[in-house]
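# Provided below for reference: sequence and predicted model.
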Amino acid sequence: MIWLDVTDLLEFLDEVGHVTGIQRVQIALLERALNTVRAVAIVGAAEAVVQPIILHGPQGKVSRSVLSEDVDAVLGLLKGEQVDAVALRLALRACFDNSQTVDIAANDIFVLTGAFWNYPFYVTDVANLASRGTKIVVVAYDIIPIIAPEYCVEQLARHFQMAFSRIAPFVSLFMCISEYTALTVKAYLAEHGLTGARVEVFPLGHSLDKPSFDERTAQDTKDSLIARDHRFLEKRFCLSVGTIEGRKNLGFLCDVWKELRVQLGPANVPDLILAGRPGWNVENLLQIIAIRNMPDKYIHIIHGLTDAELELLYHESELTLFPSVLEGWGLPVGEALCRGKVCIASNTSSIPEVGGEFADYIDPLNIRDTVSKVASYIQDPAKRRAREAHIRANFVPRGWDEVWEDFAAKVRPLVEAGLAAPDVSASPLPSVGARFAEGQVYRISDDRGFPNEAAMALIDNWYGPESWGIWSAGARSTVRLMLGGEGVGYEGPAEVDLQLKAAPWLAGMEVDIFSGGIREPLALTPLRRLQLGGAPSWFRIIVTPVAGQIELTFRCLSPVVPSDGVDSRALGIGFSSFCWLRSGTPENLLIRLRSLEQRTLGQNFEQSFA
């Protein structure tokens with residue numbers, strides 16, 4: 001059985017009500033996967049079935065199979081210009097309400113096509129699936145939050161780095177959307193000694209939608225935009241499509257336009273349209289644009305466009321531009337070429353894979369070169385028309401049927417050759433990005449239930465993080481602390497403080513804590529026996545690290561039983577926070593004081609005095 005995960009797609013639609021980049025790719029793949037003929041092609045065997053699945057069903061309890069017709073109903077509602085919010089919400093509810101509990105078996109294939117880093121339960125659930133022999137396939141769009149975190153919101157970078165590093169050891173196959181993404185994924189795996197996964201490439205389609213410009217309705221669309229004060233449509237303009245954020249290099253593009261107006265004269269330079277929603281940390285750019293637009297507005301930002309409105313902008317633009325410095329693919333380049341438009345694009349990362357010989361490439365840091373290339377097309381309409389004619393005559397876009405067939409062919413060996421899931425028994429998690437400073441109090445999760453860096457200490461048998469911390473899955477679980485700072489290589493006695501609790505209906509539970517368990521042999525006798533109450537309490541364990549690492553295994557002595565009507569999971573210990581200190585070391589007195597302040601006043605106590 002091939003399980004195609006739709007959890008994050010349905011959750012995203014339920015929260016947001018429309019789709020963006022990754023979700024649109026998911027839908028393009030899902031539509032073809034639900035076609036029986038193509039679904040069989042994924043493994044070349046009639047008994048193979050591609051089935052949508054929710055990794056976490058209602059209340060996050062169990063995996064549930066989703067009816068294909070219910071998914072089809074959701075996808076159908078997303079095809080129109082305007083999404084009926086009420087109908088979409090009802091269709092989504094049907095997906096959940098009609099779903100059925102399933103067991104994902106050993107040798108099944110579980111495919112993650114979405115933004116798994118945004119949902120905390122993926123980390124532990126994928127590990128649990130892999131430990132049972134399920135083969136994990138991950139669609140890798142890019143790993144920019146790892147290789148260039150400066151282009152990401154800090155929280156996104158932290159969540160992505162944690163989730164990717166936790167899931168990577170369990171993956172049998174990474175399906176990368178470009179050669180560039182594959183190169184970065186391979187480098188990451190090699191750097192961290194992860195050799196169990198294949199890395200394949202299935203380039204995306206050149207456009208998510210077929211060009212659909214309609215002369216009959218174009219004037220109405222244009223009048224509608226002008227009525228909303230988008231009067232640039234009455235003038236010449238060039239177009240850049242994509243989210244307005246630092247990585248897209250739009251400040252550079254605005255500088256190019258400023259120089260063009262100096263060299264050619266304002267009257268001879270088309271306006272510049274930036275079609276995309278403003279992202280994070282773009283306040284300075286927006287302020288610069290506002291200043292540049294006084295008194296003559298020539299840079300326009302527009303977002304929330306319908307498909308028909310975007311088609312109109314492509315059709316009427318003189319040039320399209322895509323100066324991004326870093327991409328996993330670069331869909332706007334393909335969209336422009338599909339519409340026969342000249343596209344001046346960066347020569348970096350994956351972008352040349354999209355444009356091939358048909359895009360005009362620039363160094364996205366070289367203003368002089370870019371000004372020269374743009375000016376050559378602005379000043380010579382005949383050159384532009386000839387280039388457009390060449391694109392229309394020779395560019396062959398890659399369609400989504402071809403994308404799916406490529407995807408299917410590269411997943412097929414997982415079944416045909418019986419490729420085993422990676423052996424994760426000896427070292428289920430990499431030792432990356434998880435060194436913990438002495439005396440620092442680490443919370444497992446933030447107030448939204450997303451995992452913090454501390455969650456990288458969780459290595460065996462844990463449910464997904466919640467706003468207060470995390471529950472162990474059953475009677476036995478393990479953590480591993482990689483000691484940072486003075487703790488690197490430390491092998492003297494250490495004090496580990498743990499904030500633990502029991503489920504309210506299991507208050508009084510007894511728990512033994514052992515050293516070792518996975519990487520190190522499990523000790524014969526426990527370090528300490530605890531009795532946990534229903535509220536979090538701090539407990540101290542004295543243990544000797546091995547090469548700067550502390551591995552602890554918890555074993556519940558009391559029966560771990562679900563509670564009818566409250567929670568159907570087998571909850572072991574509740575784990576909220578931890579810290580560690582070198583034992584018997586006078587020089588760490590100030591560190592101890594700092595740790596005490598954090599526990600007493602909270603980790604962000606300094607801000608409370610600001």
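Okay, I see it. Numbering: from 1, shown residues only.
# run a quick neighbour tally on residue 138.
25 (other C-beta atoms under 10 Å). Heads up, the C-betas are built off the backbone N, CA and C, glycines and all.
# just residue 584 next, same as before
Neighbours of residue 584 (other C-beta under 10 Å): 10.
# leaving out sequence neighbours, find the closest residue to it.
residue 493 (6.6 Å; C-beta to C-beta, 6 or more residues apart in numbering).
# contact partners for that neighbour?
Residues near residue 493 by C-beta atoms under 8 Å, 6 or more residues apart in numbering: 542-544, 582-584.
# let's see 10 Å
By C-beta atoms under 10 Å, 6 or more residues apart in numbering, the residues touching residue 493 are 542-545, 581-585.
# same thing with residue 88?
13-14, 17-18, 73-74, 77-78.
# now with 8 Å, please.
So residue 88 contacts 13, 17, 74, 77-78 (C-beta under 8 Å, 6+ apart).
# swap in residue 374?
Here residue 374 is in contact with 238, 256, 260, 319, 321, 344 (C-beta under 8 Å, 6+ apart).
# from what I can see the third one touches residue 267, true?
Meaning residue 260. No - applying C-beta atoms under 8 Å as the test, residue 260 and residue 267 come out as separate, 11.8 Å apart.
# these two - which one has more neighbours?
Ranked by neighbour count (other C-beta under 10 Å), residue 260 and residue 267 place residue 260 first, with 23 against 7.
# could you measure from the closest residue to that one other than its chain neighbours over to residue 296?
Distances taken as C-beta to C-beta, 6+ apart put residue 269 closest to residue 260, at 4.8 Å, once the chain neighbours are dropped. Distance from residue 269 to residue 296, counting by C-beta to C-beta, to the nearest Å: 11 Å.
# what about residue 32, neighbour count?
Neighbour tally, residue 32, other C-beta under 10 Å: 21.
# could you say which helix or strand holds it?
Assigned by DSSP states H and E, residue 32 belongs to helix 21-33.
# with residue 554 instead?
Assigned by DSSP H and E, residue 554 falls in strand 549-556.
# between all of the contacts of residue 493, which two are separated the most?
543 and 585 (15.1 Å; C-beta to C-beta).
# what's the mean pLDDT across stretch 584-601?
Summarised as a single mean, pLDDT over stretch 584-601 is 79.
# what residues of that stretch count as buried?
Neighbour-count burial for stretch 584-601 flags 585, 588, 591-592, 594-595, 598-599 (criterion: 16 or more other C-beta atoms under 10 Å).
# now do that stretch: everything it contacts.
438-441, 486, 492-493, 497, 538, 579, 581-582, 605, 608.
# and what of stretch 395-403?
28-29, 31-32, 38, 202-208, 334, 337-338, 340, 358.
# so how far is that stretch off the chain centroid?
25 Å (C-alpha atoms, centre = their mean, to the nearest Å).
# pLDDT weak spots in the stretch 401-550 of the chain?
By pLDDT under 70, the low-scoring segments of the stretch 401-550 of the chain are 416-434.
# show the backbone phi and psi for residue 379.
Backbone geometry at residue 379, expressed as degrees, to the nearest 10, gives phi -80, psi -20.
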